[in-house]
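[1] Give me the fold of what follows.
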Amino acid sequence: MRNFLIPLAVLSLSLGGCSASHEPGTAEMSAQEAAPAAPAKDSADAAQAEPLTVDDAAKATQAGEQAPRAPQIAYTYTYGFRIAGEAIAPLQRRHTDLCERKGPHVCRIIAMSNSGGEGDYGSGTLELDVAADKARAFTGELERVAKDADGKPVSAAIAGEDLSKQIVDTQARLRARILLRDRLMEILQTRKGSVAELVEAERGVAQVNEEIDQAQSWLAEMRGRVDFSRVTVNYSSAAPGAGGFMSPIRSALGSLGAILGAVIAGLIVVLTALIPIAALLVAILWAVRRIRRFRAASASAITVGEMTDAQAGPDNP
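    You can find the predicted model right below:
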């Protein structure tokens, strides 16, 4: 049993190293799969075969890579239309209605936004996911709808990312992990080995199942990107218009509220700063006046005393 577990441990380490170098950064689904996953029957038969070795995994991977496969390319389409600012929102609605009529199996709305500025200026964006085999025809319909609304195409771009190698690598890793899981499950089902070996096998099954789920998620995401192309439509008017004679007047009236608010805010700030200063000045003036009154009272008392002494002097021989 220990001799049987050694190849499994070696395989797990080697596959873990391979997976670190072949993990896809992005993922998608594909209308045409690069290669079908190993059937359940093959997994069951593999569970009854001889112990898995590194050579077996390498041969399986090489066989998968040598099979002819169709290119798995994820396309993105970007289009730009120039149209009057007030017509952007209606054109967006017409484009989204066109997408919804196709159904979710052909077209899906991902995001939509629009904004208007001064005069006739405005802009907007619409993001769609369209079935790859119908994307070119659908973009042609978008262009026709835009022309019917007096929109002018100003930009168009198509970009593709080849995901063939990432899909093939992920499929090979997934097949090897499924085979390793079946071997570990066989150990647990037969209950052969010591308690420590069975506990280690259970931990191995949990880790391998997590890696299988992750690989399946990557594969589904990559196939999704191949199956559905991302279509981005940008809308814009010519430029922010001057607006003619009334434009400055409208601009001034529009900013009137902001100007009054700024003036009132400035007054509040000034008053807030002046109140403590004014209170300090009032206190200083009050103190000065009190001091002056005290000095004046003292001077008057001294003068009266002197006058009294002067009058009393002649009366006393």
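[2] Tell me the helix or strand right after the helix or strand hosting residue 92.
    Take DSSP states H and E as the rule and residue 92 turns out to sit in helix 88-102. Going down the chain from helix 88-102, the next helix or strand is strand 107-116, by DSSP H and E.
[3] Pull out the buried positions in that following strand.
    Within strand 107-116, the residues that count as buried by 16 or more other CB atoms under 10 Å are 107, 108, 112. In short, each C-beta sits where N, CA and C put it, glycine included.
[4] List just the nearest of those to residue 267.
    Nearest to residue 267 out of the buried residues of strand 107-116 is residue 112 (CB to CB; 44.1 Å).
[5] right, and the closest one touches residue 100 too?
    No. Taking contacts as CB atoms under 8 Å, residue 112 lies outside contact range of residue 100: 11.9 Å.
[6] quick one: the helices in the stretch 51-200 of the chain?
    54-66, 88-102, 135-148, 164-190, 195-227 (DSSP state H, counting those that start in this stretch).
[7] any chance of those in CSV, plus distance to residue 75 and mean neighbour count?
    Converted to CSV, these look like this (distance: least, CB to CB, whole Å; neighbours: other CB atoms under 10 Å):
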stretch, distance to residue 75, mean neighbour count
helix 54-66, 24, 14
helix 88-102, 17, 16
helix 135-148, 7, 16
helix 164-190, 14, 20
helix 195-227, 8, 17
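[8] Dump the ones you listed to CSV, plus distance to residue 126.
    Listed next are the helices of the stretch 51-200 of the chain as CSV, based on distance: least, CB to CB, whole Å:
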stretch, distance to residue 126
helix 54-66, 39
helix 88-102, 6
helix 135-148, 9
helix 164-190, 29
helix 195-227, 19
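[9] picking up where we left off before, got the angle for the helix holding residue 92 vs helix 135-148?
    140 degrees (axes from the mean of the first three to the mean of the last three CA atoms, to 10 degrees).
[10] separation between the closest residue to residue 158 other than its chain neighbours and residue 248?
    Take residue 158 and drop its neighbours on the chain: the residue closest to it by CB to CB, 6 or more residues apart in numbering is residue 77, 5.5 Å away. Shown here: residue 77 relative to residue 248, a distance of 41 Å by CB to CB, to the nearest Å.
[11] If you count surrounding residues, which of these two has more?
    residue 77 (20 against 11; other CB atoms under 10 Å).
[12] That one: what's it in contact with?
    130, 135, 139, 156, 157, 158, 229, 230, 231, 232 (CB atoms under 8 Å, 6 or more residues apart in numbering).
[13] In this structure the first one contacts residue 229, no?
    Yes. Contact between residue 130 and residue 229 holds when scored by CB under 8 Å: they sit 5.5 Å apart.
[14] which one of the buried residues of strand 107-116 is nearest residue 179?
    residue 108 (35.8 Å).
[15] which non-adjacent residue is nearest residue 157?
    Per CB to CB, 6+ apart, closest to residue 157 is residue 78, 4.5 Å.
[16] Great, nothing more from me.
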